[in-house]
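Trainee: Just to be clear, the model below is a prediction. Sequence and coordinates:
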Amino acid sequence: MPYYIAIAGGSAYKVNTSGTVVALSLPSGITIDSTRPARMAILDKKIVLVNAPNRSVWIDRLGVIRPLGLRAPVSPVLLSAIGSSTLSGTYKARYTHVVIDPDTLELLMESPMSPLSAAVTPASQFLCAAGVAVSTDTVTARRLYRTVTGGSAIVFPWGDLNGNLATSYADSLADANLSLVPAPDELGNPPGTQPGSRMTLIREFKGYLWGVGDQDPDTLRRSAYNCVYSWPSAGTFDVQPVCADQYGITGLVSRRDEFGILKRDIVWKIVGSNPDNFEFVKVRDSKGRGCFAPDSVVVIDDIGYYLGGDGVYTWGPDGVNSISDEKVRNWFSSDTYFNRSQYPNAFAKYNSKYHGYELHLAAAGSTNIDRSVFFDIARKTWWGPHKTDALVPTACSEIIDSSGVVIPVMGSSAGHIWKQNQTGFIEGTDDIALDLITPFHNDSSPNVEKLWGNFILHSKIQTAAGDMRILVKKGGLDATAAYELSPTQLLDRQIFRTIGNGRLVNLQMLETTASQGCEIYGYEIDPIFEVGVR
């Protein structure tokens with residue numbers, strides 16, 4: 001059955017499509033900071049969780065949580081030749097810490113290699129490795145590797161020292177009996193492994209995980225193919241410009257065939273399908289159009305959407321483009337509507353029911369992310385700003401319910417998951433009100449007094465009349481409500497009285513009946529006559 005991982009109050013939970021919640025156990029020493037947004041990626045049926053935990057982790061299908069990387073041995077083994085046996089030659093050795101599934105014997109994790117030991121030359125003796133360190137992580141064995149006789153650095157699997165207690169291992173296995181396959185060459189720990197650091201961003205692209213650590217925010221790292229725990233040093237890339245600001249990489253965008261690396265002032269991309277042909281390319285027209293909010297990044301129909309410093313941008317086949325400049329630039333570039341200092345904390349999701357990009361922000365003067373705007377992709381129109389009263393949102397996403405229906409959801413500061421697009425229009429016993437305020441209409445002549453004609457409303461026919469009210473303001477920008485109109489929701493078209501005189505007209509539409517639906521399709525004011533300038 002499908003399930004989701006939720007982070008709340010410093011704990012991790014497994015939530016299935018029926019809403020059953022199971023608390024998950026964190027490994028010893030790993031804690032979750034509830035003030036930091038959790039960021040996740042999926043690879044090889046494993047969920048990787050970063051940023052919120054003090055040490056990145058991965059979660060398997062049973063809900064078992066493990067560190068994303070095991071700490072590497074810091075000292076080499078001490079090789080010696082002992083006793084009488086059959087091994088002769090000159091050898092060196094390394095070892096790693098491993099976690100092996102006891103039932104399937106599958107290798108679940110392996111640490112980076114220890115340093116290479118000094119050479120030892122047994123003569124018809126056993127080869128002994130002493131000083132095999134006990135891991136501070138929970139491991140099932142230490143895996144030893146050694147060279148063939150006379151080998152300089154390439155090591156082959158030698159044997160496993162089971163458990164995490166014994167510190168020495170000896171045998172006289174002949175070179176011919178070693179594995180033909182050398183030790184893995186892509187072992188390495190992910191960014192944010194050092195004490196006091198953490199991985200802040202994570203995405204999957206082409207079967208690889210890509211991450212950024214807070215100690216090197218200009219550096220992008222990738223994992224080995226289809227492997228969550230192995231992050232080779234060869235997969236390290238400095239993204240220019242380096243040290244240009246304190247933020248570094250601020251967003252990752254995984255499209256079908258291109259991988260975007262966003263900074264605040266520029267966008268790069270990786271093209272290719274594997275390490276042999278991965279190529280960094282600067283995205284054209286991206287200067288000054290970078291990302292301010294890591295969690296605002298959403299990919300819809302292979303187009304990346306994200307919040308920049310002065311608006312919302314898309315990145316697709318035709319480069320980087322603003323979708324807010326033409327009509328709503330002032331929403332994002334002024335301090336009138338939103339708290340721009342909270343842009344780094346904004347988050348977004350795709351609303352599949354209405355096919356749009358929903359961006360959640362903080363109102364001007366507030367730090368609560370309880371405002372949102374909606375971009376209708378099909379119609380290229382913006383809607384909002386909207387206000388959320390029932391909760392303080394902390395995250396958003398989409399889930400699939402037990403019937404297979406995709407539903408957008410919001411996480412709240414109280415630890416609840418709220419479903420959107422529901423038909424009830426009620427929360428408990430409280431109504432969920434519609435409160436729509438139109439622009440100040442001026443008929444392209446804001447300085448001219450006008451006689452505004454009949455108001456015509458088009459709306460969806462509902463099963464009940466409701467208590468919809470329309471407050472009419474006419475005059476200047478300081479106009480107050482002159483009167484109310486009271487439409488019924490049992491009709492699809494209603495014609496009301498002449499609105500009256502004024503330079504401008506503003507309407508506020510309210511519906512506060514519990515469980516009452518309301519859909520406004522449009523409205524008209526006809527005719528409009530110019531009276532003159534006073």
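Mentor: Structure's in. What do you need? Numbering: from 1, shown residues only.
Trainee: Outline the domain layout of this protein.
Mentor: 78-177, 434-532 (automatic domain parsing).
Trainee: ok, Ser124 touching Thr86?
Mentor: Yes - using Cβ atoms under 8 Å, Ser124 makes contact with Thr86 at a distance of 6.3 Å. C-beta here means a position set from N, CA and C on the backbone, and glycine is covered the same way.
Trainee: Surely Lys327 is within a helix?
Mentor: Yes - assessed with DSSP: H, G, I helix; E, B strand; the rest coil, Lys327 lies in a helix.
Trainee: Grab the nearest non-local neighbour of it.
Mentor: Trp382 (5.9 Å; Cβ to Cβ, 6 or more residues apart in numbering).
Trainee: show me what contacts the one you found?
Mentor: Ser324, Lys327, Val328, Trp331, Val373, Phe374, Phe375, Asp376 (Cβ atoms under 8 Å, 6 or more residues apart in numbering).
Trainee: May I ask which helix or strand encompasses the spatially most distant residue from the centre of the chain?
Mentor: Taking Cα atoms, centre = their mean as the measure, the residue most remote from the mean C-alpha position of the chain is Ser84, 59.1 Å away. Here Ser84 sits within strand 78-87, counting by DSSP states H and E.
Trainee: May I have that strand exported as CSV, CA atoms only?
Mentor: Taking C-alpha atoms only, strand 78-87 is exported to CSV below (Å, rounded to 0.1, in the frame of the first residue of the first chain):
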residue,chain,number,x,y,z
LEU,A,78,47.9,-3.2,11.5
LEU,A,79,48.9,-6.1,9.2
SER,A,80,51.3,-8.8,10.5
ALA,A,81,52.4,-12.3,9.5
ILE,A,82,51.7,-14.9,12.1
GLY,A,83,51.9,-18.7,12.6
SER,A,84,52.4,-21.3,9.9
SER,A,85,50.1,-21.6,6.9
THR,A,86,50.1,-21.2,3.1
LEU,A,87,50.2,-17.5,2.2
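Trainee: Direction included, what does it pair against?
Mentor: The pairing partners recorded for strand 78-87 under DSSP bridges are strand 125-130 (antiparallel).
Trainee: Any chance you could list what contacts the strand it pairs with?
Mentor: Contacts of strand 125-130 (Cβ under 8 Å, 6+ apart): 77-85, 87-88, 91, 93, 95, 117, 120, 144, 146, 167-172.
Trainee: among those, which ones are buried?
Mentor: By neighbour count, with 16 or more other Cβ atoms under 10 Å, the contacts of strand 125-130 hold 77-79, 81, 85, 87-88, 91, 93, 95, 117, 120, 144, 146, 169-170, 172 as buried.
Trainee: Show me where the chain has its helices.
Mentor: 325-333 (DSSP state H).
Trainee: how far out from the middle of the chain is stretch 443-456?
Mentor: On the basis of Cα atoms, centre = their mean, to the nearest Å, stretch 443-456 sits 46 Å off its chain's mean C-alpha point.
Trainee: what's in contact with that stretch?
Mentor: By Cβ under 8 Å, 6+ apart, stretch 443-456 touches 470, 472, 474, 485, 493-505, 507, 523-534.
Trainee: hmm, try it at 7 Å
Mentor: 474, 485, 493, 495-505, 523-534 (Cβ atoms under 7 Å, 6 or more residues apart in numbering).
Trainee: Out of these, which end up buried?
Mentor: Lys474, Leu485, Phe496, Ile499, Gly502, Arg503, Leu504, Val505, Tyr523, Ile525.
Trainee: check contacts around the second one.
Mentor: So the one you mean is Leu485. Phe455, Ile470, Val472, Phe496 are the contacts of Leu485 under Cβ under 7 Å, 6+ apart.
Trainee: Nearest to Thr200 among those residues?
Mentor: Using Cβ to Cβ, Ile470 comes nearest to Thr200 of those, at 47.6 Å.
Trainee: so that closest one bridges to which residues?
Mentor: Beta-bridge partners, per DSSP bridges, of Ile470: Leu485, Met509.
Trainee: and the residue nearest to Phe455 when sequence neighbours are not counted, how far is that from Trp452?
Mentor: Using Cβ to Cβ, 6+ apart and skipping residues adjacent in sequence, the residue nearest Phe455 is Phe496, 4.4 Å away. The gap separating Phe496 from Trp452 is 11 Å, by Cβ to Cβ, to the nearest Å.
Trainee: who touches stretch 168-180?
Mentor: So stretch 168-180 is contacted by 82, 85-87, 126-130, 132, 144, 148-149, 156-159, 161 (Cβ under 7 Å, 6+ apart).
Trainee: Same list, the contacts of Trp382, but as CSV with distance to Pro67, neighbour count and pLDDT please.
Mentor: CSV is the format used below for these (distance: Cβ to Cβ, whole Å; neighbours: other Cβ atoms under 10 Å; pLDDT from 0 to 100):
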residue, distance to Pro67, neighbour count, pLDDT
Ser324, 41, 21, 97
Lys327, 48, 11, 92
Val328, 44, 20, 96
Trp331, 42, 20, 96
Val373, 39, 23, 97
Phe374, 39, 17, 97
Phe375, 39, 24, 98
Asp376, 43, 14, 97
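Trainee: Now the two most distant members of the residues you listed.
Mentor: Counting by Cβ to Cβ, the most remote pair of the contacts of Trp382 is Trp331 and Asp376, 15.0 Å apart.
Trainee: quick check, nearest of the contacts of Trp382 to Asp216?
Mentor: Ser324 (32.0 Å).
Trainee: The closest one: what's its closest spatial neighbour, skipping adjacent residues?
Mentor: Using Cβ to Cβ, 6+ apart, the closest residue to Ser324 is Gly311 (3.7 Å).
Trainee: One more: Ile303?
Mentor: Using Cβ to Cβ, 6+ apart, the closest residue to Ile303 is Gly316 (4.2 Å).
Trainee: do Val299 as well
Mentor: Nearest non-adjacent residue to Val299 (Cβ to Cβ, 6+ apart): Arg255, at 5.9 Å.
Trainee: try Ala72
Mentor: Pro112 (3.8 Å).
Trainee: Just confirm that neighbour contacts Gly188, I think it does.
Mentor: Yes - the criterion here is Cβ atoms under 7 Å, and Pro112 meets it with Gly188 at 5.3 Å.
Trainee: how far away is the closest residue to Ile300 other than its chain neighbours from Cys396?
Mentor: Spatial nearest neighbour of Ile300, excluding adjacent residues (Cβ to Cβ, 6+ apart): Tyr350 at 5.1 Å. Shown here: Tyr350 relative to Cys396, a distance of 10 Å by Cβ to Cβ.
Trainee: repeat for Thr423
Mentor: 20 Å.
Trainee: Which one's more surrounded, those two?
Mentor: Cys396 (23 against 7; other Cβ atoms under 10 Å).
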